[in-house]
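S.K.: predicted model follows, preceded by the sequence.
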Amino acid sequence: MGANFSGVFTMKGIRGYWHLLVGVLLGIGLGLVISWGFLPQSITEATPSMLQDDFKDNYRSLIALAYASTGDLPRAEDRLFSLEDANMAQAIESQAQRSLAGGDSPESLEALAVLAAELSQVTSTPEIIATSTHFSTETPKAFTPTGEQPIATATKVFEDDDEPLATITPIPVYTRTPASITEASPTARAPYILKTQDEICSINLSEALLMVFVSDASQRAMSGVEIIIAWDGYEEHFFTGLKPELGSGYADFLMEPNEEYSLRLAEGSTAASNLSAPACEDDEGNRYWGSLRLKFEQP
Amino acid sequence: MPRWIQTLFAILLGIMIGLLYGWKIAPVEYVDLAPNALRTDYRAEYMLVVAEAYQHNPDPDFLLRQLALLGNAPPAQIIQENLDNGEYTPEEIEMLEELLRKIERWEPTLAGSSP
């Protein structure tokens, strides 16, 4: 027995077992080909995180609609957690912006906006809010008079050292009484009124934005509020809360210079008309298009 | 023992090692799957999300599109399978059964039809 065992480790002995080694290696190769190629493990064990990106988007929309139906935020969070996104709130927010640009259904868009706002309220802290931000936002561009579809353009809103939008200083703001206010089409109730309408001349805003802030009677920002803007025979709908970093009651629209818009809230509000990008001038006398800021509030 | 039999046993041993590795230790990882590949419990949850979303957006086309993502079977069968396999609360079961009844009303009656 001892002689046989030591014989294995002689050169002659090793040569005598090569066929076994080759056989095992060949078998392992065959086994891997079978297990990875011909008969792989069943795919009915997938988790939501393994879904294709567009199916993940669809699932997020469904979760948002389900949340709109049940109001169960912890359950919505659990479901979103199964998608294993690095940042749930950001994933919903990004999808809401993609949906806005892609022209998804208003129900889905509104549900995403509301859920994004809810999640950002849950995850945000005062320290984060107070921090100066640098971000890019997508803004729907207005139709051109030739009837081109609106395109999403990346609008750099602030530089690194700028302060958040709500506290921009110093910006020459010319507050005026909204003279052009007219009543919206008759509704059972008009829960929002146009509180202020300001022209904002700031070189920090590179585009002519129509910025809308919506709050309730206690001045709490209202997310998911549908806004209807109309101009030159066209109409577009957008929602507050799609840019939660600017506040859950915030929404904006990219104005075309020399175009006149009218705007109202779908839930019922006073309407603002004759809205157009104001002409501004910087310190060196260069002219540029400014922005408008509208604040709607429940009385 | 003849050498060829030893080799055959070695190959069989290797195949077993290869299968063990390929199925259990390092199985194929799937990505970019469709909802119909979800594990039973996730499918059941997906079904519930669809039902709840339908409460907010009661559009039959929307519902049928979402159910089609869960497989090629008829929508009623998909709901029934999930009712059979999922762990739902009584309220959720009631909601799904209501959905099932609606779907059955929409679907054309195939019984009695002949080629």
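M.R.: Sure, I can see it.

S.K.: show me where chain B has helices.
M.R.: Assigned by DSSP state H, chain B shows helices spanning B:3-20, B:40-56, B:60-68, B:75-85, B:90-106.

S.K.: chain A: which of those helices is closest?
M.R.: Ranking the helices of chain B by proximity to chain A (Cβ to the nearest Cβ) places helix B:3-20 first, at 1.7 Å. The C-beta positions use only the backbone N, C-alpha and C, and glycine is treated the same way.

S.K.: what are the contacting residues of that closest one?
M.R.: By Cβ atoms under 8 Å, 6 or more residues apart in numbering or on different chains, the list of residues contacting helix B:3-20 from outside reads A:19-35.

S.K.: domain parsing for chain B?
M.R.: Using automatic domain parsing, the domains assigned to chain B come out as B:1-30, B:35-106.

S.K.: buried sites along the first one?
M.R.: Which is domain B:1-30. For domain B:1-30, the neighbour count (16 or more other Cβ atoms under 10 Å in any protein chain shown) marks B:7, B:10-11, B:13-15, B:17-19, B:21-23 as buried.

S.K.: give me the nearest residue to residue 73, chain neighbours excluded.
M.R.: No chain specified, so I'll use chain A. residue A:118 (5.9 Å; Cβ to Cβ, 6 or more residues apart in numbering or on different chains).

S.K.: not quite, go with chain B.
M.R.: According to Cβ to Cβ, 6+ apart, the nearest residue to residue B:73 is residue B:81 (7.3 Å).

S.K.: so what does the host helix or strand of residue A:99 touch, helix or strand wise?
M.R.: Using DSSP states H and E, residue A:99 maps to helix A:88-102. Judged by 3 or more Cβ pairs under 8 Å, 6 or more residues apart in numbering or on different chains; DSSP states H and E, the packing partners of helix A:88-102 are helix A:53-70, helix A:73-81, helix A:106-123, strand A:136-140, strand A:152-156.

S.K.: can the first one be found next to chain B?
M.R.: Yes - taking Cβ under 8 Å from any Cβ of the partner chain as the criterion, helix A:53-70 and chain B are in contact, through A:53, A:55, A:58-59, A:61-63, A:65-66, A:68-70.

S.K.: okay, now residue A:77: neighbour count?
M.R.: 18 (other Cβ atoms under 10 Å in any protein chain shown).

S.K.: what does residue A:219 give?
M.R.: 11.

S.K.: and what of the one 3 residues further on?
M.R.: When counting by other Cβ under 10 Å, one arrives at 22 neighbours for residue A:222.

S.K.: what separation is there between it and residue B:40?
M.R.: Going from residue A:222 to residue B:40 by Cβ to Cβ, to the nearest Å gives 40 Å.

S.K.: what sits against the residue minimising distance to the centre of chain B?
M.R.: By Cα atoms, centre = their mean, the mean C-alpha position of chain B lies nearest to residue B:36, the distance being 4.9 Å. By Cβ under 8 Å, 6+ apart, the residues touching residue B:36 are B:43, B:69-72.

S.K.: residue 78 - how many residues pack around it?
M.R.: Went with chain A since none was named. As a measure of burial, residue A:78 has 12 neighbours, counting by other Cβ under 10 Å.

S.K.: chain B was what I was after
M.R.: If we define neighbours as other Cβ under 10 Å, then residue B:78 has 23 of them.

S.K.: ditto for residue B:104
M.R.: Residue B:104 has 14 nearby residues by other Cβ under 10 Å.

S.K.: and residue A:46, by the same measure?
M.R.: When neighbours are counted by other Cβ under 10 Å, residue A:46 comes out with 20.

S.K.: quick check: it touching residue B:37?
M.R.: Yes - at 4.3 Å, residue A:46 counts as touching residue B:37 under the criterion of Cβ atoms under 8 Å.

S.K.: overlap in contacts, those two.
M.R.: Taking Cβ under 8 Å, 6+ apart as the criterion, residue A:46 and residue B:37 both touch residue B:30.
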